[in-house]
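Peer 1: Need a 3D model of the following:
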Amino acid sequence: MGSLDNLPYWQVNVPGDKRTEECPDFLRTLSPKDIGIIGTPDSSYHVSSWAEVQHIVAENRLDAFRRVPSQLRRYLEYTWRLRQDHGSVMNFVLSQRLHWDAPVQPRGKPFECEDDIKILWNDWPYGIDERIVHLVVWTKFDLEEDPVTTDLTDEARAEIEGYVQKTFGPRIPRDRYIWFKNWRSLKSVHAVEHFHIMLFDPDPQFVDEITHGDVPLCRKI
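Peer 2: Residues are numbered from 1 along each chain as shown. Prediction:
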């Protein structure tokens with residue numbers, strides 16, 4: 001069906017016998033950024049190293065994180081189906097991943113009660129070195145943002161840093177874990193507070209322990 005250069009974006013990274021003439025519904029209303037990623041062959045994708053991940057977070061260039069094109073396609077198809085079946089991604093996350101009731105209400109102050117926090121794998125991680133484990137820390141409490149910049153306040157940042165050091169510091173060297181909170185515009189789930197943790201080459205047993213045996217969705221489907 002022609003060279004890769006001539007393929008419409010929705011046919012890239014799809015075996016020839018599975019390509020469709022018309023664009024699938026779940027790929028019809030993409031941003032220019034996502035169209036560009038979906039239309040890129042996996043073989044041309046640059047996988048980010050740990051050093052590059054650290055640089056992206058340090059520079060707060062979180063929009064530089066991208067999924068491998070074929071994984072982004074799987075993610076978009078999966079979340080499109082979730083909306084059909086559950087009404088929203090948030091409903092699915094709450095009921096099937098977090099097992100929390102809506103509306104979400106914390107039992108204590110930020111990071112005070114263990115049952116106000118849940119650590120799970122990122123179901124659809126970015127295109128990064130396969131030794132990097134990407135986790136999400138979900139919280140029932142809000143993490144305070146500056147109303148002008150929408151960035152975390154200094155107090156909230158200090159609270160997260162303290163929790164991260166307490167939780168991960170005793171088991172992982174400081175230069176092998178990093179955290180960040182997505183800008184509001186980059187969040188895929190807006191209504192449940194969360195931030196991200198990346199660990200470089202951690203002990204799998206520790207990851208299993210901290211996530212209570214969680215398995216990311218991308219490995220299940």
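Peer 1: Off-centre distance for the helix or strand bottoming out on mean pLDDT in the chain?
Peer 2: Counting by mean pLDDT, DSSP states H and E, the chain has its least confident helix or strand at helix 89-92, which shows a mean of 90. Between the centre of helix 89-92 and the centre of its chain there are 14 Å (CA atoms, centre = their mean, to the nearest Å).
Peer 1: Likewise for stretch 61-69?
Peer 2: 10 Å.
Peer 1: One more: stretch 45-53?
Peer 2: Offset of stretch 45-53 from its chain centre (CA atoms, centre = their mean): 15 Å.
Peer 1: can you list the residues that contact it?
Peer 2: The contact list for stretch 45-53 (CB atoms under 8 Å, 6 or more residues apart in numbering) reads 56, 65, 68-69, 126-129, 131-132, 178, 198, 200. All C-beta spots, glycine's among them, are computed from the backbone N, C-alpha and C.
Peer 1: what would the residues you listed look like in TSV with secondary structure, neighbour count and distance to residue 219?
Peer 2: TSV is the format used below for the contacts of stretch 45-53 (DSSP: H, G, I helix; E, B strand; the rest coil; neighbours: other CB atoms under 10 Å; distance: CB to CB, whole Å):
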residue	secondary structure	neighbour count	distance to residue 219
56	helix	19	24
65	coil	20	20
68	coil	20	14
69	helix	23	19
126	coil	20	15
127	coil	19	16
128	strand	22	16
129	coil	15	17
131	coil	11	16
132	strand	20	15
178	strand	20	23
198	strand	24	18
200	strand	20	20
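Peer 1: ok, which stretches of the protein are strands?
Peer 2: Assigned by DSSP state E, the strands in the chain fall at 117-121, 132-139, 177-180, 193-200.
Peer 1: Of those strands, which is nearest residue 153?
Peer 2: Within the strands of the chain, the stretch nearest residue 153 is strand 193-200; the backing value is 13.6 Å (CB to CB).
Peer 1: can you pull the contacts of residue 140?
Peer 2: Residues near residue 140 by CB under 8 Å, 6+ apart: 100, 104, 105, 106, 107, 116, 117, 193.
Peer 1: do that again at 10 Å, thanks
Peer 2: If you count contacts by CB atoms under 10 Å, 6 or more residues apart in numbering, residue 140 has them with 98, 100, 103-108, 110, 113, 115-118, 192-193.
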